[in-house]
Every structure is written in structure tokens, then in C-alpha cells.
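Trainee: Predicted coordinates and the sequence they were generated for:
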Amino acid sequence: MGNFFDFIIEHLAQFLQFTAFANMTVGHVIMICVGLVFIYLAIAKEFEPMLLIPIGFGILVGNVAFAPGYQIGVYESGSVLNYLYFGVLQGIYPPLIFLGIGAMTDFSALISNPKLILIGAAAQLGIFGAYCLALALGFSPTEAGAIAIIGGADGPTAIFLSSKLAPDLMGAIAIAAYSYMALVPVIQPPVMKLLTNSKERLIRMKPPRAVSKTEKVIFAIAGMLLTTFIVPSGLPLLGMLFFGNLLKESGVTKRLADTAKGPMIDIVTILIGLTVGASTQATTFLTMKSIGIFALGAASFVVATFGGVMFVKIINLFLKEGNKINPLIGNAGVSAVPDSARVSQVVGLEYDKTNHLLMHAMGPNVAGVIGSAVAAGIMLSFLA
């Protein structure tokens, strides 16, 4: 009888060694709390729920502690999560997301007022500012380049570039990029209000002109050729972005465009969110570098917003009355589509309930998408 109880106790102790309770660390608990915060913000505050719920749940999945060697975790070769994570590591998912973004994007506001593309370019100051700060903090040039792209407020671009330049930092970079994208309505308004005066906030812009189907088709083709001829390394992102837009604007491939902007982008978003979240295993994620990346991400968003708003104020010095641009749309050069454009609208309505800026803000907003992909291509060509 004693041998039987010894047998039971021995095997029970052995079983307990393989439970998450036995392998749990303080770091795992911290990361599980972070995942719960993400889910709370997505549900209670509706901060980018399509992104934060998959990422938040992925963080929970990635921090269920386990004994190594059982092909469970995202970093263990042969595990299901590892196979799904392959699309992140090899930069497969981001171009597919850009295809869907292109299929749902209307470039009319940008085509009708081409100078708005300069605002999108100016907002990329956040990328290059973060690059300099990262170098100053001791990150290597390739790590700094991967971190800097957070300033573009473009999660897929951040994942794509970090997969090429700094795969070991990809989890922290992706989480920081998506976190700050969700927090755009919190981060940007104070900067916008600080940099503008009461007169500037009330500027009314002329309604954008109607854009023909022919112009939209030409823009999709010419935009792809021009940007990729300048930055060939941005072809995977820019090519797919403009291809998706051509599917939309051609008018003859509606079914393909609907698939790209609907089921396909939804599936890829689920996979990229879950696996990026799962990559935040406490044993590999909780480092001083991760903390530095989050700090740099916040700074880069502020610098990007500063660059967009201040650029509008500068070009207004050279524009006649009636043609001036409301600097409250300068923040929309950050490519968090359409959230940063919505912020322009919300802040503008605080000062004039009849001054709707959304249609104007969409110009620099979509220009920011192009700008962040171009900036990623520049970084890749210099640092890869």
C-alpha cells in the first residue's frame, strides 16, 4: 500500500513540474497583466479593438509558462505558433495587410490637393528623430532603424522592417507601434493644441474638388512606379498598397478588392496580432531594451505630430488668404489610418462645430501611409 501512495505522490509531483504554476515567473505575471490591460482598453475604451484584442490575447497565450522542449511556444521550432509566426519573421503578413489597406483607401483628397503629400512627408520627422535618439541611447544602427519606424505609426511597416533589421527586437517594436497607434487620440491632441493658436484652429479650407476615375487609376500606377523607382527596397509594401488601390479604383475587379479589404485583411490581422502578442514571452521580452523602445516610441509620436503641424504653419506663411491649410490636420501625416484624421476632426470641432476637417485630413493621412513605407525602404536600403 505504501508503494502505491509513493507511486501516486511521485507522479503527481512530476505532473506538477510541468504545469504553468511551477514554471511561472514574476515576468510572466507582469506580461499577463499587460495583456489584460490591452484587452480592457480594446473593450472598455474601444482603442483599436481589432488590433489590441488579438495582441492582448496573444500576450496571454505567450506567457502561459511551460517547460521547454514540448513544441509549444512561439520560439520553439515545430510548434504551431512557430509556424504561424513564420509569416511575421519573413515579412509575409505586412505586405498582405498593405494590399488590404490599398483596397480600402480613397486617395481622392490627396489627388485633389497634391501639396498635402508634403504634410505626410513632414510627419516622418518622427522616424528620423527616433533614429537619432536610438543611436544616442546606444542601439546599433540596424536596431535604431527598426525602432525608428515606430514613429510612422504603422504597425505592419514596423513589423516588416524589424523582421529585416532586428528580428530579436520585433516583439517589443510591434507592441510599441500598435500600442501607440491605439493611443493616438490621447497623445496627439495636447501637442496639436500647444502648437496652434485660436486663429489657426478656425481656418476653413476649400472643399476638395471631384476626382475622376481616370485620375485615380493613373495615380495607382504612377504612384507605384514613382515611389518604387526611388526606393526599390520598399517594393513589397508600396507595390501591394498601390496594387490593392488599383483593384478598388479600376471598377472591374470589385470581387478581388472586396476580398483584399475584407476577409483577407481580417485573417492576416488575426494572425499577426496573435503571434506578435505571443512573441512577448517574459523570458525574452522583459529587458531594458524593451523599456527603451517604448520610451522612444512615445517620443517619436510626439516628434511626428510636431513635424506635421509645424510644417503646415510654415507653408501657410507662403499661401494667400483663402488657400491656407488648417494646421490641425498636420497631425494626420502620422499614418494611423483613419485614427489620426479623426483626431483632426475631433479637435477642430472643439473650436468650431461647423468646421469639418476629416475630408481634408484624409489627404495627409494616406500620404503618411506612403511616406512611412518609403521611409522604411530608405532605412532598409542603407542598413540592411
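Mentor: Done, it's in.
Trainee: Please count neighbours and contacts with C-alpha atoms only from this point.
Mentor: Noted.
Trainee: Local confidence estimate at the residue lying closest to residue 132 once chain neighbours are set aside?
Mentor: Closest residue to residue 132 apart from its sequence neighbours, by C-alpha to C-alpha, 6 or more residues apart in numbering: residue 144 at 7.7 Å. Note for residue 144: predicted pLDDT of 93.
Trainee: Dump the helix or strand encompassing residue 144 to PDB, keeping only the CA atoms.
Mentor: Following DSSP states H and E, one finds residue 144 within helix 141-148. The C-alpha coordinates for helix 141-148 follow below in PDB (Å, rounded to 0.1, in the frame of the first residue of the first chain):
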ATOM      1  CA  PRO A 141      22.400  51.400 -36.400                       C
ATOM      2  CA  THR A 142      20.200  48.400 -37.600                       C
ATOM      3  CA  GLU A 143      18.400  48.300 -34.200                       C
ATOM      4  CA  ALA A 144      17.900  52.100 -34.300                       C
ATOM      5  CA  GLY A 145      16.500  51.900 -37.900                       C
ATOM      6  CA  ALA A 146      14.000  49.200 -36.800                       C
ATOM      7  CA  ILE A 147      12.900  51.100 -33.700                       C
ATOM      8  CA  ALA A 148      12.600  54.400 -35.600                       C
END
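Trainee: Against which helices or strands is that helix packed?
Mentor: helix 125-136, helix 155-165, helix 288-316, helix 358-383 (3 or more C-alpha pairs under 8 Å, 6 or more residues apart in numbering; DSSP states H and E).
Trainee: now with 7 Å?
Mentor: Applying 3 or more C-alpha pairs under 7 Å, 6 or more residues apart in numbering; DSSP states H and E, we find helix 141-148 packed against helix 125-136, helix 155-165.
Trainee: Contact partners for the residue nearest in space to the middle of the chain?
Mentor: With distances taken as C-alpha atoms, centre = their mean, residue 155 lies nearest the centre of the chain, 2.2 Å away. Neighbouring residues of residue 155 by C-alpha atoms under 7 Å, 6 or more residues apart in numbering: 174, 177, 178.
Trainee: Over to residue 144?
Mentor: By C-alpha under 7 Å, 6+ apart, the residues touching residue 144 are 131, 134, 135.
Trainee: so can I have CSV of those residues showing pLDDT?
Mentor: CSV is the format used below for the contacts of residue 144 (pLDDT from 0 to 100):
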residue, pLDDT
131, 91
134, 92
135, 93
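Trainee: Of these, which is the most crowded?
Mentor: residue 131 (27 neighbours; other C-alpha atoms under 10 Å).
Trainee: Spatially nearest residue to that residue, not counting backbone neighbours?
Mentor: Per C-alpha to C-alpha, 6+ apart, closest to residue 131 is residue 148, 4.7 Å.
Trainee: How about residue 134?
Mentor: Residue 134 sits nearest to residue 144 (C-alpha to C-alpha, 6+ apart), 5.1 Å away.
Trainee: any idea how far residue 88 is from that neighbour?
Mentor: Noted for residue 144: a distance of 19 Å to residue 88, by C-alpha to C-alpha, to the nearest Å.
Trainee: what do you get for residue 369?
Mentor: Counting by C-alpha to C-alpha - residue 369 and residue 88 are separated by 20 Å.
Trainee: and if you look at residue 315?
Mentor: 40 Å.
Trainee: Which one of the two is surrounded by more residues?
Mentor: It is residue 88, of residue 315 and residue 88, that has more neighbours when counted by other C-alpha under 10 Å, with 25 against 15.
Trainee: how about the helices in the stretch 201-350 of the chain?
Mentor: Secondary structure of the stretch 201-350 of the chain (DSSP state H, counting those that start in this stretch): helices located at 213-230, 235-249, 254-259, 265-278, 282-285, 288-316, 339-351.
Trainee: So which of those is the most surrounded?
Mentor: Scoring the helices of the stretch 201-350 of the chain by mean neighbour count under mean count of other C-alpha atoms under 10 Å gives helix 235-249 as the most buried, with a mean of 25.
Trainee: How far away from the center of its chain is it?
Mentor: Distance of helix 235-249 from the chain centroid (C-alpha atoms, centre = their mean, to the nearest Å) equals 18 Å.
Trainee: thinking again about what came up before, next, the angle from the helix holding residue 144 to helix 125-136.
Mentor: Angle, helix 141-148 to helix 125-136, by axes from the mean of the first three to the mean of the last three C-alpha atoms, to 10 degrees: 140 degrees.
Trainee: Can you give the distance of helix 141-148 from its chain's centre?
Mentor: Mean-position distance between helix 141-148 and its chain equals 16 Å (C-alpha atoms, centre = their mean).
Trainee: can you give me the angle that helix makes with helix 358-383?
Mentor: Using the same axes, to 10 degrees: helix 141-148 against helix 358-383 is 170 degrees.
Trainee: what about residue 86, neighbour count?
Mentor: 14.
Trainee: Where does it fall, secondary structure wise?
Mentor: In the assignment (DSSP H and E), residue 86 maps to helix 80-89.
Trainee: residues contacting residue 377?
Mentor: By C-alpha under 7 Å, 6+ apart, residue 377 lies in contact with 231, 233, 234.
Trainee: tell me the pLDDT at the nearest residue to residue 210 once chain neighbours are set aside?
Mentor: Counting by C-alpha to C-alpha, 6+ apart, the nearest residue to residue 210 once its immediate chain neighbours are dropped is residue 112, at 7.2 Å. Per-residue pLDDT puts residue 112 at 93.
Trainee: In contact with residue 112, which residues?
Mentor: So residue 112 contacts 208, 209, 211 (C-alpha under 7 Å, 6+ apart).
Trainee: For the first one, which residues are in contact?
Mentor: What that stands for is residue 208. Applying C-alpha under 7 Å, 6+ apart, we find residue 208 in contact with 109, 112.
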